[in-house]
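**Q** kindly return the folded structure for what I paste below:
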Amino acid sequence: MTSALLSTPLHDWHVAHGGRIVDFAGWSMPVQYGSIVDEHLAVRSKAGLFDVSHMGNFFVRGSGALSYLQNLTTNNVAKLQPGDVQYSALCLPTGGVIDDILVYALEPESYMVVVNASNIEKDWNWFQEHRNGASITLENRSSELAIISLQGPKAEDILRKLTPAPLENLGTYKCSRAHIAGIDMWFARTGYTGEDGFEFFPESGKAEALWQALLEAGAVDGLEPVGLGARDTLRLEAGYSLYGHELSDSINPLEAGLSWITDLDKGDFIGSEALLKIRTEGLKRKMTGIEMNELAIPREGCAVLHNGKAVGAVTSGTLSPTLGKGIALALVEPAAAERGTTLEIEIRGVAKPGRAVNRAFYKRPKAVAA
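**A** Numbers count the residues shown, from 1 in each chain. Take a look at the predicted model:
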């Protein structure tokens, strides 16, 4: 007997508005409303609204919160001031990744940690198991808070209609508390698309009111709801990791290309000894972007070849809606990850040509000063 799927506070809205519902990590979620490509391009050119309420929220508070999070996470939490947001990871003693996370410094001695939907239970157990007598309170509010993400070049224009908060002062990876559409909540200038955007954390009971207010405010700007299908192609174009693909308990952050969130000089943390050893001995494999030379769509698990020899495998792949060509992230031998290296990806038994490139296939255009 299978257990019933979990659902977000916006589930009924998605069903009523034509969302194609799928099982995602045990959650009933909309993968698309219309065309995934159209939704993707809407985010790149205008704006899209995402329900990501399936993700988890943990709160860590108290005089021991900083040292507790320093021990648990790879990045340096001591660098955070209230209002800062930090990308980080939880590691096993082996250096493998339990999850990639965002740490929000809300107030002095008060943090929120957002974790992936598929890992909520695992991560929560990990947080509890490693309290070690720390002077903290831990709270799992995953079922109490929704997460709504507004992404795209029109995102700030849309949000300005709903809040008096000075958005020009809120930089990327910053968070604040504000009234938005009359609802008090934390929000942040963060996202998973490669575009400018904001993520909102209303109480679950206020989620639909916020969702509707955002859609109404953005109607004139072309705002539309976007499913998980386009969320995945958008993050892949931006070169962002997805847990279970570019990160896992058998893929460490150094080989995943996340040394920039792995501070091995901050002091001991869970996994630091293993990661120091890995860094000293040299990486045996590296994450790279691969761009196809002809129309071919690489998929997860496809073998990557160099001079006819298998050198790794694709972790994520798609046909890029923005670039109009096949792109992939792949974990390969270090020499094969050198930019410009000629590679092949075996797709349905046929080796298709490509080359190693920077993993950020897409970078949003810089804003032109008025």
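**Q** so who does R359 touch?
**A** Each residue near R359 by C-beta atoms under 8 Å, 6 or more residues apart in numbering is listed here: 239, 257, 287-289, 329. All C-beta spots, glycine's among them, are computed from the backbone N, C-alpha and C.
**Q** do S259 as well
**A** 253, 279.
**Q** could you chop this protein up by domain?
**A** 6-53+145-237, 284-357 (automatic domain parsing).
**Q** of the ones you listed, give the one that comes closest to K363.
**A** domain 6-53+145-237 (7.1 Å; C-beta to C-beta).
**Q** switch the contacts of R359 over to a markdown table; also include secondary structure and distance to I180.
**A** Conversion of the contacts of R359 to a markdown table gives the following (DSSP: H, G, I helix; E, B strand; the rest coil; distance: C-beta to C-beta, whole Å):
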| residue | secondary structure | distance to I180 |
| --- | --- | --- |
| G239 | coil | 30 |
| G257 | coil | 34 |
| M287 | strand | 36 |
| T288 | strand | 39 |
| G289 | strand | 36 |
| L329 | strand | 34 |
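**Q** closest to Q151 among those?
**A** Using C-beta to C-beta, these come closest to Q151 at G239, 15.8 Å.
**Q** show me what contacts the closest one?
**A** By C-beta under 8 Å, 6+ apart, the contact list for G239 reads 194, 289, 329, 358-361.
**Q** which one of the residues you listed is nearest to I158?
**A** Among the contacts of G239, G194 lies closest to I158 (C-beta to C-beta), at 17.9 Å.
**Q** looks to me like the closest one is in a helix.
**A** No: the assignment for G194 is coil, going by DSSP: H, G, I helix; E, B strand; the rest coil, so no helix is present there.
**Q** number of nearby residues for the closest residue to it other than its chain neighbours?
**A** Closest residue to G194 apart from its sequence neighbours, by C-beta to C-beta, 6 or more residues apart in numbering: A238 at 3.0 Å. When neighbours are counted by other C-beta atoms under 10 Å, A238 registers 18.
**Q** gap between A238 and V31?
**A** Separation of A238 from V31 (C-beta to C-beta, to the nearest Å): 19 Å.
**Q** again with K286
**A** Taken as C-beta to C-beta, the span from K286 to V31 is 31 Å.
**Q** neighbour count winner among the two?
**A** A direct count of neighbours by other C-beta under 10 Å for K286 and V31 places K286 higher, at 20 against 17.
**Q** hang on, I345 packs against A313?
**A** No: the criterion here is C-beta atoms under 8 Å, and I345 misses it with A313 at 9.2 Å.
**Q** spit out the residues that contact these two alike.
**A** Common contact partners of I345 and A313 (C-beta under 8 Å, 6+ apart): 302-304, 330.
**Q** could you identify the most distant pair in those residues?
**A** Of all pairs drawn from the shared contacts of I345 and A313, the one with the longest distance (C-beta to C-beta) is A303 and A330, at 9.5 Å.
**Q** what residues are shared contacts of these two?
**A** 312-314, 345.
**Q** just curious, which of the residues you listed is nearest to P9?
**A** Of all the shared contacts of A303 and A330, V314 has the smallest distance to P9: 35.3 Å, by C-beta to C-beta.
**Q** how about the helix or strand where G317 lies: buried residues?
**A** Assigned by DSSP states H and E, G317 falls within strand 309-319. Using 16 or more other C-beta atoms under 10 Å as the test for burial, strand 309-319 gives 311-319.
**Q** show me where pLDDT drops low in the chain?
**A** Residues of the chain that meet the criterion pLDDT under 70 lie in 1-3, 367-370.
**Q** residue ranges of the helices in it, please?
**A** Along the chain, the segments classed as helices by DSSP state H run 11-16, 36-45, 65-72, 120-129, 155-160, 207-218, 228-237, 272-281.
**Q** of those helices, which stretch is the most buried?
**A** Most buried of the helices of the chain, by mean neighbour count (mean count of other C-beta atoms under 10 Å): helix 228-237, with a mean of 23.
**Q** state the distance from the most centrally placed residue in the chain to L305.
**A** Centroid-nearest residue in the chain: Y192, 4.8 Å away (criterion: C-alpha atoms, centre = their mean). Per C-beta to C-beta, Y192 is found 30 Å from L305.
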